[in-house]
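1. predicted model and sequence below, questions to follow.
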Amino acid sequence: MTYPVIHVDALHKQFPTATKPVLSNISLSIEHGEIVAFLGKSGCGKTTLLNMIGGFEAPTAGRILLDNEIVTKPSKKSIMLLQNYGLLPWRTVYSNVLFSLENSPLSKEQRHERVINGLTLVGLEDRANAMPNELSGGMQQRVAIARALAIEPEIILMDEPFAALDTFTRYFLQDEIVRINTQKRMTILLVTHDIDEAIYLADRIVILAPNPGRIYKEITIQLPRQRDRASQDFQHYRELIFKEFQLSHEPPAIEYNI
Ligand SMILES: Nc1ncnc2c1ncn2[C@@H]1O[C@H](COP(=O)(O)OP(=O)(O)OP(=O)(O)O)[C@@H](O)[C@H]1O
(Lines give C-alpha, C1' and ligand atoms only; values in the text may rest on other atoms or scores of the structure.)
Protein backbone atom coordinates (compact mmCIF):
# COMPACT_ATOMS: atom_id res chain seq x y z
CA MET A 1 0.00 0.00 0.00
CA THR A 2 1.28 3.48 -0.79
CA TYR A 3 0.82 6.50 1.44
CA PRO A 4 1.83 10.15 1.21
CA VAL A 5 5.19 11.10 2.74
CA ILE A 6 3.40 13.67 4.94
CA HIS A 7 -0.20 13.47 6.03
CA VAL A 8 -1.64 16.29 8.14
CA ASP A 9 -4.95 15.33 9.64
CA ALA A 10 -7.43 17.83 11.19
CA LEU A 11 -4.62 19.77 12.84
CA HIS A 12 -5.42 22.37 15.44
CA LYS A 13 -3.00 24.54 17.40
CA GLN A 14 -3.57 26.95 20.25
CA PHE A 15 -0.67 28.26 22.31
CA PRO A 16 -1.41 28.14 26.08
CA THR A 17 -0.87 31.90 26.42
CA ALA A 18 -3.21 32.79 23.51
CA THR A 19 -6.95 33.38 23.56
CA LYS A 20 -7.50 32.24 19.98
CA PRO A 21 -6.18 29.23 18.01
CA VAL A 22 -3.33 29.86 15.56
CA LEU A 23 -4.33 27.03 13.23
CA SER A 24 -7.64 25.32 12.79
CA ASN A 25 -8.60 22.12 11.00
CA ILE A 26 -5.59 21.83 8.66
CA SER A 27 -5.67 18.68 6.53
CA LEU A 28 -3.14 18.10 3.80
CA SER A 29 -1.33 15.25 2.04
CA ILE A 30 2.09 15.69 0.44
CA GLU A 31 3.54 13.16 -1.99
CA HIS A 32 7.14 11.99 -2.10
CA GLY A 33 9.30 14.39 -4.13
CA GLU A 34 6.72 17.18 -4.18
CA ILE A 35 7.68 20.84 -3.63
CA VAL A 36 4.91 22.57 -1.70
CA ALA A 37 4.99 26.30 -0.91
CA PHE A 38 2.94 27.94 1.85
CA LEU A 39 1.84 31.52 1.25
CA GLY A 40 -0.18 33.66 3.61
CA LYS A 41 -0.43 36.90 5.48
CA SER A 42 2.07 37.50 8.30
CA GLY A 43 0.93 35.77 11.48
CA CYS A 44 -1.40 33.26 9.80
CA GLY A 45 0.59 30.34 11.23
CA LYS A 46 2.90 29.21 8.40
CA THR A 47 5.98 28.83 10.63
CA THR A 48 3.91 27.14 13.34
CA LEU A 49 2.67 24.61 10.77
CA LEU A 50 6.21 23.91 9.53
CA ASN A 51 7.45 23.56 13.13
CA MET A 52 4.74 21.02 13.86
CA ILE A 53 5.55 19.00 10.71
CA GLY A 54 9.21 19.04 11.83
CA GLY A 55 8.22 17.80 15.30
CA PHE A 56 9.38 20.99 17.09
CA GLU A 57 5.84 21.91 18.26
CA ALA A 58 3.07 19.57 19.36
CA PRO A 59 -0.45 19.93 17.93
CA THR A 60 -3.30 20.77 20.32
CA ALA A 61 -5.52 18.37 18.36
CA GLY A 62 -5.18 16.33 15.18
CA ARG A 63 -2.02 14.58 14.04
CA ILE A 64 0.81 14.56 11.53
CA LEU A 65 2.04 11.35 9.92
CA LEU A 66 5.49 11.18 8.39
CA ASP A 67 5.96 7.96 6.40
CA ASN A 68 2.78 6.75 8.08
CA GLU A 69 4.18 7.26 11.60
CA ILE A 70 2.88 9.90 14.01
CA VAL A 71 5.32 12.80 14.48
CA THR A 72 6.04 13.35 18.18
CA LYS A 73 9.57 14.78 18.01
CA PRO A 74 12.14 15.98 15.45
CA SER A 75 13.66 13.18 13.37
CA LYS A 76 16.52 12.79 10.91
CA LYS A 77 13.93 12.18 8.20
CA SER A 78 13.21 15.89 8.04
CA ILE A 79 15.49 18.85 8.45
CA MET A 80 14.74 22.55 8.84
CA LEU A 81 16.61 25.15 6.83
CA LEU A 82 16.46 28.64 8.31
CA GLN A 83 16.92 32.14 6.99
CA ASN A 84 19.96 32.85 9.21
CA TYR A 85 21.92 29.75 8.03
CA GLY A 86 22.86 28.66 11.58
CA LEU A 87 26.54 28.06 10.77
CA LEU A 88 29.12 27.79 13.56
CA PRO A 89 31.54 30.70 12.92
CA TRP A 90 34.56 28.94 14.52
CA ARG A 91 34.31 25.89 12.27
CA THR A 92 35.40 25.57 8.64
CA VAL A 93 32.85 24.91 5.88
CA TYR A 94 33.83 21.23 5.91
CA SER A 95 33.49 21.00 9.67
CA ASN A 96 30.11 22.79 9.64
CA VAL A 97 28.72 20.20 7.22
CA LEU A 98 30.33 17.37 9.19
CA PHE A 99 28.66 18.70 12.34
CA SER A 100 25.26 17.44 11.14
CA LEU A 101 26.65 13.87 11.13
CA GLU A 102 28.31 13.97 14.54
CA ASN A 103 25.88 11.59 16.23
CA SER A 104 25.41 9.32 13.24
CA PRO A 105 26.52 5.67 13.18
CA LEU A 106 28.41 6.23 9.88
CA SER A 107 32.13 5.45 9.63
CA LYS A 108 34.69 8.24 9.25
CA GLU A 109 35.03 7.47 5.54
CA GLN A 110 31.26 7.47 4.98
CA ARG A 111 30.94 10.82 6.76
CA HIS A 112 33.71 12.29 4.62
CA GLU A 113 31.93 11.07 1.50
CA ARG A 114 28.61 12.60 2.64
CA VAL A 115 30.27 15.96 3.36
CA ILE A 116 32.02 16.05 -0.01
CA ASN A 117 28.84 14.97 -1.83
CA GLY A 118 26.83 17.69 -0.05
CA LEU A 119 29.40 20.37 -0.86
CA THR A 120 29.66 19.16 -4.47
CA LEU A 121 25.88 19.31 -4.89
CA VAL A 122 25.92 23.01 -3.98
CA GLY A 123 29.14 23.70 -5.91
CA LEU A 124 31.31 24.51 -2.88
CA GLU A 125 33.71 21.56 -2.80
CA ASP A 126 36.64 23.93 -3.40
CA ARG A 127 35.71 26.08 -0.36
CA ALA A 128 35.81 23.23 2.19
CA ASN A 129 38.59 24.89 4.21
CA ALA A 130 37.11 28.40 4.25
CA MET A 131 35.61 29.93 7.40
CA PRO A 132 31.94 31.07 7.21
CA ASN A 133 32.89 34.77 7.51
CA GLU A 134 34.97 34.45 4.33
CA LEU A 135 31.85 33.57 2.35
CA SER A 136 29.00 35.67 0.95
CA GLY A 137 25.48 35.27 2.39
CA GLY A 138 24.47 33.15 -0.61
CA MET A 139 27.47 30.86 -0.15
CA GLN A 140 26.72 30.52 3.58
CA GLN A 141 23.18 29.46 2.72
CA ARG A 142 24.63 26.91 0.27
CA VAL A 143 26.76 25.51 3.12
CA ALA A 144 23.59 25.23 5.20
CA ILE A 145 21.92 23.39 2.29
CA ALA A 146 24.97 21.07 2.00
CA ARG A 147 24.72 20.39 5.73
CA ALA A 148 21.04 19.48 5.32
CA LEU A 149 21.82 17.27 2.30
CA ALA A 150 24.62 15.41 4.12
CA ILE A 151 22.01 13.95 6.47
CA GLU A 152 20.19 12.62 3.38
CA PRO A 153 16.78 13.58 4.77
CA GLU A 154 13.56 12.65 3.01
CA ILE A 155 12.13 16.08 3.64
CA ILE A 156 13.61 19.57 3.75
CA LEU A 157 11.56 22.20 5.58
CA MET A 158 12.45 25.73 4.52
CA ASP A 159 11.31 28.80 6.42
CA GLU A 160 11.92 31.81 4.17
CA PRO A 161 15.39 30.46 3.38
CA PHE A 162 16.38 33.12 0.84
CA ALA A 163 14.65 36.19 2.28
CA ALA A 164 17.91 37.84 3.39
CA LEU A 165 19.61 37.44 0.01
CA ASP A 166 19.77 39.70 -3.02
CA THR A 167 17.60 38.89 -6.06
CA PHE A 168 20.32 37.26 -8.20
CA THR A 169 21.64 35.05 -5.40
CA ARG A 170 18.04 34.10 -4.64
CA TYR A 171 17.43 33.11 -8.28
CA PHE A 172 20.64 31.10 -8.28
CA LEU A 173 19.68 29.22 -5.11
CA GLN A 174 16.14 28.64 -6.36
CA ASP A 175 17.70 26.86 -9.35
CA GLU A 176 19.91 24.83 -6.99
CA ILE A 177 16.81 23.70 -5.09
CA VAL A 178 15.05 22.64 -8.31
CA ARG A 179 18.18 20.75 -9.42
CA ILE A 180 18.58 18.99 -6.06
CA ASN A 181 14.89 18.10 -5.99
CA THR A 182 15.13 16.64 -9.51
CA GLN A 183 18.34 14.76 -8.72
CA LYS A 184 17.46 13.45 -5.25
CA ARG A 185 13.63 13.44 -5.31
CA MET A 186 13.52 15.04 -1.87
CA THR A 187 10.23 16.41 -0.63
CA ILE A 188 10.50 20.14 0.00
CA LEU A 189 8.15 22.33 2.05
CA LEU A 190 8.75 26.02 1.72
CA VAL A 191 7.33 28.97 3.67
CA THR A 192 7.76 32.18 1.71
CA HIS A 193 6.37 35.67 1.33
CA ASP A 194 7.60 35.81 -2.24
CA ILE A 195 4.84 34.91 -4.71
CA ASP A 196 7.31 34.58 -7.61
CA GLU A 197 9.50 32.24 -5.57
CA ALA A 198 6.46 30.08 -4.80
CA ILE A 199 5.44 29.90 -8.49
CA TYR A 200 9.00 29.25 -9.64
CA LEU A 201 9.64 26.42 -7.17
CA ALA A 202 6.40 24.77 -6.20
CA ASP A 203 4.41 21.93 -7.68
CA ARG A 204 1.61 23.14 -5.43
CA ILE A 205 0.96 26.37 -3.54
CA VAL A 206 -1.10 26.24 -0.36
CA ILE A 207 -2.61 29.62 0.56
CA LEU A 208 -3.44 30.07 4.23
CA ALA A 209 -6.01 32.54 5.52
CA PRO A 210 -5.62 34.07 9.00
CA ASN A 211 -7.58 34.13 12.30
CA PRO A 212 -7.45 31.26 12.76
CA GLY A 213 -4.92 29.99 10.20
CA ARG A 214 -6.64 27.63 7.78
CA ILE A 215 -6.19 26.39 4.23
CA TYR A 216 -7.91 28.87 1.96
CA LYS A 217 -6.92 27.46 -1.41
CA GLU A 218 -4.50 25.07 -3.11
CA ILE A 219 -3.13 25.87 -6.55
CA THR A 220 -1.25 23.32 -8.65
CA ILE A 221 1.43 24.94 -10.80
CA GLN A 222 1.31 23.19 -14.13
CA LEU A 223 4.42 24.70 -15.68
CA PRO A 224 7.29 22.59 -16.99
CA ARG A 225 10.74 23.09 -15.51
CA GLN A 226 12.84 25.08 -16.03
CA ARG A 227 10.29 27.84 -15.51
CA ASP A 228 10.46 31.18 -17.23
CA ARG A 229 9.60 34.06 -14.87
CA ALA A 230 8.83 36.31 -17.84
CA SER A 231 6.46 33.91 -19.64
CA GLN A 232 2.73 34.51 -20.14
CA ASP A 233 1.90 31.35 -18.20
CA PHE A 234 3.98 32.52 -15.23
CA GLN A 235 2.15 35.87 -15.31
CA HIS A 236 -1.15 34.01 -15.38
CA TYR A 237 -0.30 32.34 -12.04
CA ARG A 238 0.89 35.64 -10.55
CA GLU A 239 -2.42 37.29 -11.42
CA LEU A 240 -4.37 34.34 -10.09
CA ILE A 241 -2.55 34.44 -6.76
CA PHE A 242 -2.77 38.22 -6.39
CA LYS A 243 -6.51 37.90 -6.94
CA GLU A 244 -6.75 35.12 -4.36
CA PHE A 245 -4.89 37.25 -1.86
CA GLN A 246 -7.42 40.03 -2.00
CA LEU A 247 -10.10 37.46 -1.38
CA SER A 248 -8.25 35.68 1.41
CA HIS A 249 -7.94 38.89 3.42
CA GLU A 250 -10.81 39.80 5.67
CA PRO A 251 -13.02 42.29 3.77
CA PRO A 252 -12.52 45.89 4.93
CA ALA A 253 -15.30 47.34 7.08
CA ILE A 254 -17.48 49.54 4.85
CA GLU A 255 -18.44 52.89 6.32
CA TYR A 256 -21.56 54.64 5.08
CA ASN A 257 -22.01 58.38 5.47
CA ILE A 258 -25.55 59.38 4.80
N1 LIG B 1 5.52 29.97 21.02
C2 LIG B 1 4.49 30.80 20.82
N3 LIG B 1 3.71 31.19 21.85
C4 LIG B 1 2.64 31.99 21.66
N5 LIG B 1 2.27 32.48 20.45
C6 LIG B 1 3.02 32.12 19.40
C7 LIG B 1 4.15 31.27 19.51
N8 LIG B 1 4.69 31.07 18.27
C9 LIG B 1 3.92 31.79 17.42
N10 LIG B 1 2.92 32.41 18.08
C11 LIG B 1 1.87 33.25 17.49
O12 LIG B 1 1.21 32.48 16.51
C13 LIG B 1 0.84 33.30 15.39
C14 LIG B 1 1.39 32.66 14.12
O15 LIG B 1 2.80 32.78 14.11
P16 LIG B 1 3.68 32.20 12.93
O17 LIG B 1 5.07 32.63 13.16
O18 LIG B 1 3.40 30.76 12.77
O19 LIG B 1 3.04 32.98 11.68
P20 LIG B 1 3.65 33.18 10.21
O21 LIG B 1 2.50 33.04 9.28
O22 LIG B 1 4.81 32.29 9.99
O23 LIG B 1 4.12 34.68 10.30
P24 LIG B 1 5.28 35.44 9.47
O25 LIG B 1 4.86 35.36 8.03
O26 LIG B 1 5.24 36.84 9.99
O27 LIG B 1 6.58 34.75 9.74
C28 LIG B 1 1.38 34.68 15.68
O29 LIG B 1 0.33 35.48 16.18
C30 LIG B 1 2.43 34.45 16.74
O31 LIG B 1 2.54 35.55 17.58
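-> Looks like it came in fine.
2. can the helix or strand hosting residue 206 be found next to the ligand?
-> Using DSSP states H and E, residue 206 maps to strand 204-209. No: residues of strand 204-209 contacting the ligand under Cβ under 6 Å from any ligand atom: none, with a closest distance of 7.1 Å. From N, CA and C alone the C-beta is placed, and that goes for glycine too.
3. quick check: phi and psi on residue 70?
-> Phi and psi for residue 70, reported as degrees, to the nearest 10, are phi -70, psi 130.
4. equivalent analysis for residue 142, please.
-> For residue 142, the backbone dihedrals (degrees, to the nearest 10) come out as phi -70, psi -40.
5. wait, it sits on residue 121?
-> No: assessed by Cβ atoms under 8 Å, residue 142 is found out of contact with residue 121, at 9.1 Å.
6. between these two, which is the more surrounded one?
-> Using other Cβ atoms under 10 Å, the more surrounded residue of residue 142 and residue 121 is residue 142, with 25 against 19.
7. domain-wise, how is this structure divided?
-> Domain ranges of the chain: 1-77+154-242, 86-152, per the TED database.
8. give me the distance from the longest one to the chain's centre.
-> Put plainly, it is domain 1-77+154-242. Domain 1-77+154-242 sits 6 Å away from the centroid of its parent chain (Cα atoms, centre = their mean, to the nearest Å).
9. on that earlier part again, give me the contact list for the strand holding residue 206.
-> Contacting residues not belonging to strand 204-209 are listed as 28, 34-41, 44-46, 49, 198-199, 214-221, 241, 244-245, 248 [Cβ atoms under 8 Å, 6 or more residues apart in numbering].
10. taking those residues one by one, which sit in strands?
-> Taking DSSP state E as the definition of strands, these contribute 28, 35-40, 214-220.
11. tell me which of those residues is nearest to the ligand?
-> Checking the ones in strands among the contacts of strand 204-209 against the ligand with Cβ to the nearest ligand atom, the nearest one is residue 40 at 5.6 Å.
12. ok, the closest one touching residue 215?
-> No: between residue 40 and residue 215 there is no contact under Cβ under 8 Å: 9.4 Å.
13. so the two - more neighbours on which side?
-> Using other Cβ under 10 Å, the more surrounded residue of residue 40 and residue 215 is residue 40, with 23 against 19.
14. contacts only, for the more buried one.
-> 46, 207, 208, 209, 210, 213, 216, 248.
15. any chance of a markdown table for those, columns pLDDT?
-> A markdown table is the format used below for the contacts of residue 40 (pLDDT from 0 to 100):
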| residue | pLDDT |
| --- | --- |
| 46 | 95 |
| 207 | 96 |
| 208 | 95 |
| 209 | 94 |
| 210 | 92 |
| 213 | 95 |
| 216 | 93 |
| 248 | 56 |
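16. ok, those residues vs residue 168, which is closest?
-> The shortest approach to residue 168 among the contacts of residue 40 belongs to residue 46, at 25.5 Å (Cβ to Cβ).
17. contact partners for that closest one?
-> Residue 46 makes contacts with 38, 39, 40, 159, 191, 208, 213, as judged by Cβ under 8 Å, 6+ apart.
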